[in-house]
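Novice: prediction below, plus the sequence it came from.
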Amino acid sequence: MKKAITILLAFVMVLSLAACGGGSAPTNTPAATGEPTPESEPTASIVEEPKTLDLKTAVVGKWVYQPGPLSDFYMELYKGGSGAQFNYKGEKTFDLTWEIEDDVINISMGRHASSFTGYTLENDTLTSVDGSHIFKKDTSSGE
């Protein structure tokens, strides 16, 4: 009896493999060559457009200055071109304004002639065009 059940199960497994086994389709059929068959309509291929970065949205958030002589501050850039700079205690030190011109972000301090002019954004990093200032976006706050 055990042998009969074993043989029956083996036979069922062989049949299930045969039923599920897929052979390769002949390469000379119209479907395989991409040519439309008389009863089918040609289909348009879907080309995904590359995603473009919206700088006005991407620049908004908290930016932490990377290690250097001024590594104790961060800035927050808000929608609409405003922002603020904060010291390491979280105290606001300056009002900021920002604008984007030709994919370059220009940041200015409100009451000082000093400005952070000419930043580029890549992979959540703002880098000055001369490479002297680097800010990393703080993504821990859900921005």
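Specialist: Received it, and whenever you're ready, just let me know what you need.

Novice: and the longest strand seen in the chain, what does it pack against?
Specialist: As assigned by DSSP state E, the longest strand anywhere in the chain is strand 92-101. Here strand 92-101 touches strand 73-77, strand 82-87, strand 104-109, going by 3 or more C-beta pairs under 8 Å, 6 or more residues apart in numbering; DSSP states H and E. The way it works is simple: take the backbone N, C-alpha and C, and place the C-beta from them, glycine included.

Novice: next, the angle strand 92-101 makes with the first one.
Specialist: So the one you mean is strand 73-77. Strand 73-77 and strand 92-101 are oriented at 50 degrees to each other (axes from the mean of the first three to the mean of the last three C-alpha atoms, to 10 degrees).

Novice: want to throw the helices and strands packed on strand 92-101 into JSON lines with distance to G118, mean neighbour count and mean pLDDT?
Specialist: JSON lines is the format used below for the helices and strands packed on strand 92-101 (distance: least, C-beta to C-beta, whole Å; neighbours: other C-beta atoms under 10 Å; pLDDT from 0 to 100):
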{"stretch": "strand 73-77", "distance to G118": "15", "mean neighbour count": "19", "mean pLDDT": "86"}
{"stretch": "strand 82-87", "distance to G118": "16", "mean neighbour count": "17", "mean pLDDT": "86"}
{"stretch": "strand 104-109", "distance to G118": "5", "mean neighbour count": "18", "mean pLDDT": "85"}
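
Novice: of all these, which lies closest to T120?
Specialist: Checking those against T120 by C-beta to C-beta gives strand 104-109 as the closest, at 6.4 Å.

Novice: tell me which helix or strand comes right after the closest one.
Specialist: Once strand 104-109 ends, the next helix or strand along the chain (criterion: DSSP states H and E) is strand 115-122.

Novice: any idea which helix or strand in the protein has the lowest mean pLDDT?
Specialist: None of the helices or strands of the chain scores lower by mean pLDDT, DSSP states H and E than helix 30-33, at a mean of 55.
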